[in-house]
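Chemist: Sharing a sequence plus its predicted fold:
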Amino acid sequence: MKIGKRALLLAAMLATLTMVLAACSSGTSSKDKTATAGAGGAKTPAAGATTAATKAATGAAGSITVKKGDKIKIGISTTLTTDNAELGIPIRDAALLAIKTKGTIKGFGIEGDPQDDGCAGPASVTAANKLIADGVVAVIGPMCSGGAVAALDPLSGANMLTVSASATNPSVTAQGKKNFFRTAWNDATQGAEMAKYAYTTLGKKNVVLVNDQSTYGKGLMDVFKASFTAAGGKVASEEAVTVGEKDFGPTVTKIKGESPDLVVFGGFIAEGAVLVRQLKDAGVTASFMGADGIADQKYIDQSGGAAEGSYVSRGPKPTDTKLYDAFAAAYKAEYKKDAGQFTEQATDATNIVLAAIEKVATVDGSGNLVIDRQKLIDAVAATSYAGASGQIDFDAKGDRKVVGAVNEIDQVKSGKLTRIQ
Amino acid sequence: MKGSGSLSSLRAALDPGRYWSRAGEQLQTTTSGAAVARFGQYAVLPLLAIAGGLGPSYFGIRWTFAILVIVMYALLRSRSGLFGMVVLGAMLVYLPHQMDTFERGIMFDIALYALLGIGLNVVVGYAGLLDLGYVAFFASGAYLYALISAPQFGGGFDVGTSFWIVLPMAMVLAALVGIALGVPVLRLRGDYLAIVTLGFGEIIRIMINNQDGVTNGPVGVFAIPKPHFGSTELSGPVELYFVVLAGCFVAAFAAERIRDSRVGRAWEAIREDEDVASSMGVNTTAYKLMAFAIGAAIGGGGGVIYSAKQSAVFPSDFNLDVSINVLALVIIGGMGNVRGVILGAMLLIGLPEVLRDFSINIAFIHLDNLGADYRLVIFGAALVAVMILRPEGLLPARRRQAQFEPADVLEPEVAT
Amino acid sequence: MQEWIQLLIDGITIGGVYAVIALGYTLVYGVLRMINFAHGELFMMGAFTGYYTLNGFEKHSSLNDSVPVLTIAIAIVLGMVVAVTLALVMERIAYRPLRRAPRLAPLISAIGVSILLRNIMLRATNAQGKVYPKVFPRTAVEIGEIRLLYVQIFLIVLSFVFLGLLYLFIQRTKAGVAIRAVAEDRDTASLMGINVDRTIMTTFAVGAALAGAAGVVYGMFVTTATSGMGFIPGIKAFTAAVLGGIGSVPGAMAGGYFLGISEAISTKFFGAQYKDVVAFVLLVAVLIFRPWGLFGKREDKRA
């Protein structure tokens, strides 16, 4: 009986291996198939019964066809599970609001397709695959830098226009993917500006850096350190906090022992608010500085008042806040909540994508909307857009160019983020 | 069967009281729980169908998945012969061609986790060593390939062929890591072993995260090249899915052969009662280390394939969740059983992803975003439900009924 | 020197939390030989209950300002009630059917419950962290450079009190004796007329009450509650329980403080990045010399 089973397994294994080899040897053709199926073209007939309304089909030359009566789908890759959803849900909401506000393009309705990208590589790839399969025209996201780097592999394979509102690490655009743009500021810009402000304007010479061990936080602190030490400042020590923990007592005690004149933090609200509060509780008098990861009213609220006086860098912003105020008011009217961090970048990203679709989409003879993927990417590359987060022009890598704006530094005054540069 | 038979009679001879109390307990389980268990066998089918995607117009289905899962369950359960295996193999090879990008991605993940499950099964299911740090071996394989092949670090090898060279290298490396872990913890049992291995997995991740100079830290390693097979680049999830699938078959075949060998019987003896095994002349040290090494090697190989498919790896990819997932799928599948591992992987890895589409549209009930928002809530409930309905796992190994009873691992019942 | 004392205090603060949670692990492990992975989630639910209670008082009354002792006491009691209720439901639905199942089945069931609770709270709060109202004045006792928040003192003292009470409960009360008897030998205990089901429920309830109360006080200390806040303390407490010898009550207490203090000191030496590495290396070191943990019973090892 045992031998029989073994022989069975062996036979099955050999059979499969043979088939595998057969499948692999025709690698190129199956790859083509992937591209076609990628946009939902080669689904099984039964899949037609799916409740998802859009049935976009891929044409031969990398274009998407939205059938008459269907909606244009915009993918939103953001974090909806784990505590990182604190950031991810407002990003989704901002993108959905922009879609709702736009209403239609050439008579076609638009709908958002939010997918949870878990703020990490594996889940972001799954979300990207899902969006490709759902036949979306473009993707807003992924939310986190690490996830973006990983998800760009399938997304660029599908030549999918991808605009992230919040993936800030230099590595994301360093890969040279032509389909990727971001309305968030590259940390290389942001970190250098922070260091300059800390050293020159604030006159701080001795700092402690704290990162949250994430791609974003660590990356930003690395840039800060390089710029700050190059300017002549001293980094007394580099500390870390663990995302998910709520008591950083020993780290705070250690920072206190270093007697820095500034504590710089690279990370997000949850840890930033706890850290600034515990620093204050411990009697550390050094100023506190963070970046766009904590640029949110929630940071101030969660710190229980300890955030007062801390500095928050937000990337280059125009001094004229008319467009931002209009967006913030619309967001508040819709969701009864203040617009949080990255929401203005999310709305800008969505608006840029929608404008590009409007520009390149054509209605063919049978009333279907045809969107050429490459033309769509080219249209975004050529964008010059005045949005809620300022003037947006992209450089060759897909990063924002600094146009007519200085790096915004806010200080928390009377419980509000107040611009001081 | 001869080996295990003589072993159990030996055990009975050595300690009749223990043997009979066990049999009694088993009997109690089967009589009192019989109705529930029988019901459970059928109730589990719909649960698996959820894993497949659920009913058409009501729920938003992924048919290919549903068919695959149900047929697989039926075939694996019935222990059908050659025909069944060929049908199964054919489906596994053919269906991905009928799937969209998303489903193919999930198929890859399922196959990858099935491979990891087969590896962990050697450690937990065969040798009875509770390992909560399996991710360590997965990570070491993934980072070995990433560091050797990514252009960030000079690219070293010829990218076209490096994959096939790194694969065995990674397996050897992981096996060594497994032995390195095994040596200090040899004396530990049960849950002590679990927490130490958990810690070991975390240590590996933290080290990768903080040794920036070597691993690039949390910023990660990217632009990892895809492997080539001959002159063909294996770039899509489907191509690499076949690589994992082949890996699964090889690993499953090897694992089952080892289980049925002298080594496997030694593992079984250690699992059942380490002290008795040791006193009967089984070299427990060597066999435990062997289990760690074999399990780790499979995990390391899985890591290389993961790294190649993902094209970017980050320390956070290798957190505790991976270890928990792999252990859970081994247990849910029915420990000590390769067929079960495959089903466990479908449920544990497939379900949370296909639930992304889950929605209910029956009559006046329209819950469109149910899956998007609540998939993990449903998933958590499903885990509990499956365990209650099938406490032995979906496909328990025939020979494992008497294992892992409450008192088994830590507490010796025999007062010597 | 003062920095070292401060680090020690930091370690005792978090260590006390680990110790209190670890007791729940160790008690349940003692009677059921199962790792209740969802135990950290009870701690999280306690923190949320504390928030909702205190926030309710803040919004609808001025009791937080006039009689904070009362509102805090109510919050702690409610935190315990919620955690105990959940634990009993959990036990009845997810664990009791698996009493005679293979050993690892309840572990997976517990992981399922953990995922379930975490994600329910995530959706219930829409992933927005909840901020405790200011009930405790955030002022500190200062001795030289050493600072101790009042809430921190409260947390430290309370964890001592809980540990003491639990010890008395286990050693002196009838229910405590029953728990010990069931932990020793379930079948014999049953033959001796001990109601095993009820004893197991008592065990779950006691462990949950401790975790729930700890959640409320910890929530007041860190001032926030999030759905993911139970996971890491849960794992740490599990580590502490094993370190002390799983199944042993004094072991869980010692393990908790040992872990907390080792984290604090290793943060000073190696940075917080490596504190878990140090903790786990210490764990391995301890277990190599005492494979049954600091306070575990030697009978676990016979070879």
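Modeler: Yes, it's here. Numbers count the residues shown, from 1 in each chain, chains lettered A, B, ... in the order given.

Chemist: can you give me the strands for chain C?
Modeler: Ranges of strands within chain C are C:130-131, C:140-143, C:146-149, C:224-225, based on DSSP state E.

Chemist: gap between B:G217 and A:I140?
Modeler: Remark: distance between B:G217 and A:I140 (Cβ to Cβ, to the nearest Å) = 28 Å. (C-beta placed from N, C-alpha, C; glycine too.)

Chemist: Kindly report the same for A:D364.
Modeler: Distance, A:D364 to A:I140, using Cβ to Cβ: 26 Å.

Chemist: With neighbour numbers in mind, choose between those two.
Modeler: A:I140 (36 against 11; other Cβ atoms under 10 Å in any protein chain shown).

Chemist: packing partners for the helix or strand encompassing B:V93?
Modeler: Element membership for B:V93 (DSSP states H and E) is helix B:82-94. On a contact count with 3 or more Cβ pairs under 8 Å, 6 or more residues apart in numbering or on different chains; DSSP states H and E, helix B:82-94 meets helix A:2-25, helix B:63-78, helix B:237-259.

Chemist: Worst mean pLDDT among the ones you listed?
Modeler: In terms of average pLDDT, helix A:2-25 trails the rest of the helices and strands packed on helix B:82-94, at a mean of 47.

Chemist: burial count for residue 269?
Modeler: Assuming you mean chain A. Counted by other Cβ under 10 Å, the residues lying close to A:I269 total 27.

Chemist: The intended chain is chain B.
Modeler: B:A269 is flanked by 26 other residues according to other Cβ under 10 Å.

Chemist: Which pLDDT value belongs to it?
Modeler: B:A269 carries a pLDDT value of 91.

Chemist: cool, and A:G88?
Modeler: pLDDT, A:G88: 92.

Chemist: What helix or strand is it located in?
Modeler: In this structure, A:G88 sits in helix A:85-102 according to DSSP H and E.

Chemist: is that helix up against chain C anywhere?
Modeler: Yes. Using Cβ under 8 Å from any Cβ of the partner chain, helix A:85-102 comes into contact with chain C via A:85-86, A:88-89.

Chemist: Closest one of these to B:D273?
Modeler: Nearest to B:D273, judged by Cβ to Cβ, of these is A:A85 at 47.5 Å.

Chemist: got a list of what the closest residue to the closest one other than its chain neighbours touches?
Modeler: Among residues not flanking A:A85 along the chain, C:A127 sits closest, at 3.4 Å (Cβ to Cβ, 6 or more residues apart in numbering or on different chains). If you count contacts by Cβ atoms under 8 Å, 6 or more residues apart in numbering or on different chains, C:A127 has them with A:80, A:83, A:85-86, A:88-89, C:227.

Chemist: Which of the residues you listed sits closest to chain B?
Modeler: Among those, A:L80 lies closest to chain B (Cβ to the nearest Cβ), at 7.1 Å.

Chemist: Please pull up the helix or strand immediately following the helix or strand hosting A:D222.
Modeler: Here A:D222 is covered by helix A:215-231, with elements defined by DSSP H and E. Downstream of helix A:215-231, the first helix or strand assigned by DSSP H and E is strand A:234-240.

Chemist: Okay, the spatially closest residue to C:R118 that is not a sequence neighbour and C:L210: tell me how far apart.
Modeler: The shortest distance from C:R118 to any non-neighbouring residue, by Cβ to Cβ, 6+ apart, is to C:S227 (5.3 Å). Relative to C:L210, C:S227 is positioned 21 Å away (criterion: Cβ to Cβ).

Chemist: repeat for C:I5
Modeler: Applying Cβ to Cβ, the value for C:I5 to C:L210 is 28 Å.

Chemist: In terms of neighbours, single out the busier of those two.
Modeler: Set C:I5 next to C:L210 and count neighbours by other Cβ under 10 Å: C:L210 wins out with 29 against 14.

Chemist: I figured that one was touching C:V161, is that so?
Modeler: No. Judged on Cβ atoms under 8 Å, C:L210 makes no contact with C:V161 at a distance of 10.9 Å.

Chemist: which strands and helices sit next to the helix or strand hosting B:L193?
Modeler: Taking DSSP H and E as the criterion, B:L193 maps to helix B:190-210. Helices and strands touching helix B:190-210, by 3+ Cβ pairs under 8 Å, 6+ apart, are helix B:135-149, helix B:159-185, helix B:320-333, helix C:231-244, helix C:275-289.

Chemist: quick one: stretch B:314-329 near chain C?
Modeler: Yes. On the criterion Cβ under 8 Å from any Cβ, stretch B:314-329 is in touch with chain C at B:320, B:324, B:327-328.

Chemist: Quick one, which of these are buried?
Modeler: Using 16 or more other Cβ atoms under 10 Å in any protein chain shown as the burial test, the residues of stretch B:314-329 next to chain C include B:320, B:324, B:327-328 as buried.

Chemist: Nearest to chain A among those?
Modeler: Distances from chain A to these, taken as Cβ to the nearest Cβ, are shortest for B:L320 (11.1 Å).

Chemist: In stretch C:279-299, which residues are buried?
Modeler: Of the residues in stretch C:279-299, C:279-284, C:286-287, C:291-296 count as buried by neighbour count, 16+ other Cβ under 10 Å.

Chemist: Stretch B:288-301 too?
Modeler: Neighbour counts using 16+ other Cβ under 10 Å place B:288-301 of stretch B:288-301 among the buried residues.

Chemist: What of stretch B:182-196?
Modeler: Those would be B:182, B:185-186, B:188-196, for stretch B:182-196 by 16+ other Cβ under 10 Å.

Chemist: about what we covered before: between the helix holding B:V93 and helix B:237-259, how big is the angle?
Modeler: Computed by axes from the mean of the first three to the mean of the last three Cα atoms, to 10 degrees, the angle separating helix B:82-94 from helix B:237-259 equals 150 degrees.

Chemist: So for helix B:82-94, what gets flagged as buried?
Modeler: B:84-86, B:88-89, B:91-93.

Chemist: can you tell me if stretch B:277-290 touches chain C.
Modeler: Yes. Interface with chain C: stretch B:277-290 contributes B:S278 (Cβ under 8 Å from any Cβ).

Chemist: same thing with stretch B:261-274?
Modeler: Yes. Applying Cβ under 8 Å from any Cβ, one finds stretch B:261-274 touching chain C at B:E274.

Chemist: ok now that stretch, how far from the chain's centre?
Modeler: Put simply, stretch B:261-274 sits 20 Å off its chain's centre (Cα atoms, centre = their mean, to the nearest Å).

Chemist: Now do the same contact list for the one residue in the stretch 151-300 of chain B that gets nearest to chain C.
Modeler: Chain C sits closest to B:G199 of the stretch 151-300 of chain B, with a gap of 3.1 Å, by Cβ to the nearest Cβ. Going by Cβ under 8 Å, 6+ apart, B:G199 touches B:133, C:239, C:276, C:279-280, C:283-284.

Chemist: let's go with 10 Å and repeat that
Modeler: Residues counted as contacts of B:G199 (Cβ atoms under 10 Å, 6 or more residues apart in numbering or on different chains) are B:132-133, B:136, B:185, C:235, C:239, C:242, C:276-277, C:279-284.

Chemist: give me the element the residue positioned nearest the centre of chain B is part of.
Modeler: Among the residues of chain B, the one closest to the centroid is B:G117, at 1.4 Å (Cα atoms, centre = their mean). Following DSSP H and E, one finds B:G117 within helix B:101-121.

Chemist: any weak-confidence spans in chain B?
Modeler: B:1-65, B:77-81, B:152-161, B:359-368, B:398-416 (pLDDT under 70).

Chemist: Now the stretch 51-200 of chain C against chain A: closest residue?
Modeler: For the stretch 51-200 of chain C, Cβ to the nearest Cβ, closest residue to chain A: C:A127, 3.4 Å.
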